[in-house]
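Asks: I'd like to go over a predicted model; first the sequence, then the structure.
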Amino acid sequence: MLSFAFNWTKLLQRRQPNLALLGFQNSVRNYKVTVVGASGGIGQPLSLLIKQNPLVRELALHDLANVAGVGADLSHVSTKATVESYAGDTELMDALRNAEVVVVSAGLPRKPGMTRDQLLGANGSIAIKVATAVSAACPDALLAFITNPLNSIVPIASEVLKAKKAFDPNRLFGITTLDLVRAKTFIADFMNINPQDVNIPVIGGHAGTTILPIFSQCKPDFQGRDEDVKSLTHRIQEAGTEVVKAKAGKGSATLSMAFSAAYFVNSLLRGLNGDENIIEYAYVASNVTDVPFFSTALLLGPSGITKNLGLPCLREDEEEALEKMKPVLMQSIEAGIDFATSILCEEMKKAVAK
Ligand SMILES: NC(=O)C1=CN([C@@H]2O[C@H](COP(=O)(O)OP(=O)(O)OC[C@H]3O[C@@H](n4cnc5c(N)ncnc54)[C@H](O)[C@@H]3O)[C@@H](O)[C@H]2O)C=CC1
Ligand SMILES: O=C([O-])CC(=O)C(=O)O
């Protein structure tokens, strides 16, 4: 019996170098993902989806409240990832320590009649808190925000990370996947095909006219009239408001957002894991246009963004829509930068006064 066991060990030892030569060694790594805002409307279904991802070793759930129950519940799901719960500001650093991917859905959602920009005061401070903690606890992590107003939140986080000397433009993302998911779904409905078969670039930002679907590059070719392009573009741009209205004061999109964020997180993880063919759209620091944050197609890899693939080919009407949206997007970016600067200045004054 002993010799049988010994022979197997020997055999396995001999086989190891061969496996390495074949490129199997470390072919699947395991990552720690932290969800901040984990007991919220998006946080819970998102955490459930991430718990099922085979690339995840550890899932850290952070929220201000109710997170222990969500964690206990989720920990009974029979998949590999272990689950740890962290509550309150005092446990944020522990939740983040050693995380390779941090996804943030912490923050207030809209109520009917509100714009996303009106969430800046409430949610801007959360972005500052999370980015500050990330800069100290896991500065090399890929940091992906869901929190609105996304067009301002990503610039806020970048200001904080710059101030903390932890800014890497290839590691900071605003998740715009839901805009692509909606575009696929609405176009597929219109053309009576499977949404999985539709591919369309959606560029810009994540609010109203800053969400720009590029119908001229739709695959398969969009079969419709100019009026159809207009009305579908409007529906994609206002789809968030459609859900806010339907939920009638009980929040905004949660399930479709969880689906979209889980998809995006999986792409980040596959990039980290060495997959070289992952392309996703996200709102990032960018020099593709003269607007400093912009969503385009990105090639992902082991350190986040490997390459910004830039603008798709644009038709004349799409060029015009792009030019029109730029000042709108710029206003939200400036609002975010001003917000961050004023809070960071306050912090510095307080530190000097101590
Ligand atoms: N990027 C996108 O496409 C989308 C963004 N959103 C945005 O996502 C955010 C979250 O939406 P929901 O989950 O529906 O809201 P929710 O109110 O259901 O959940 C938010 C969670 O964040 C937690 N939270 C608040 N402050 C926190 C802090 N400092 N640290 C940790 N946790 C904190 C709350 O306790 C709550 O559990 C909103 O800002 C919403 O506008 C929503 C849909 C789509
Ligand atoms: O509309 C909102 O407030 C939430 C959101 O960003 C979306 O659903 O696209």
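Replies: That came through fine. Residues are numbered from 1 along each chain as shown. Ligands and ions are numbered 1, 2, ... in the order given.
Asks: What residues does the stretch 201-350 of the chain have near ligand 1?
Replies: 206, 251-254, 257 (C-beta under 6 Å from any ligand atom). For every residue, glycine as well, the C-beta is placed using N, CA and C.
Asks: filter the residues you listed by proximity to ligand 2?
Replies: With C-beta under 6 Å from any ligand atom as the criterion, those include 252-253 near ligand 2.
Asks: Distance of the residue in the chain that ligand 2 sits nearest to relative to Leu322?
Replies: Proximity of the chain to ligand 2 (C-beta to the nearest ligand atom) peaks at Gly240, 2.3 Å away. Per C-beta to C-beta, to the nearest Å, Gly240 is found 20 Å from Leu322.
Asks: between those two, who's got more neighbours?
Replies: Gly240 (24 against 20; other C-beta atoms under 10 Å).
Asks: Can you check the pLDDT for Leu55?
Replies: At Leu55 the predicted local confidence, pLDDT, stands at 97.
Asks: Excluding chain neighbours, give the residue nearest to it in space.
Replies: Leu269 (4.2 Å; C-beta to C-beta, 6 or more residues apart in numbering).
Asks: so can I have JSON lines of the residues of the stretch 201-350 of the chain next to ligand 1 showing pLDDT and secondary structure?
Replies: Putting those into JSON lines (pLDDT from 0 to 100; DSSP: H, G, I helix; E, B strand; the rest coil) gives the following:
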{"residue": "His206", "pLDDT": "98", "secondary structure": "coil"}
{"residue": "Gly251", "pLDDT": "97", "secondary structure": "coil"}
{"residue": "Ser252", "pLDDT": "98", "secondary structure": "coil"}
{"residue": "Ala253", "pLDDT": "98", "secondary structure": "coil"}
{"residue": "Thr254", "pLDDT": "98", "secondary structure": "coil"}
{"residue": "Met257", "pLDDT": "98", "secondary structure": "helix"}
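Asks: So which of the residues of the stretch 201-350 of the chain next to ligand 1 wins on neighbours?
Replies: Using other C-beta under 10 Å as the neighbour criterion, His206 leads these with 27 neighbours.
Asks: thought it was touching Phe173?
Replies: No: using C-beta atoms under 8 Å as the test, His206 is too far from Phe173 to be in contact (11.6 Å).
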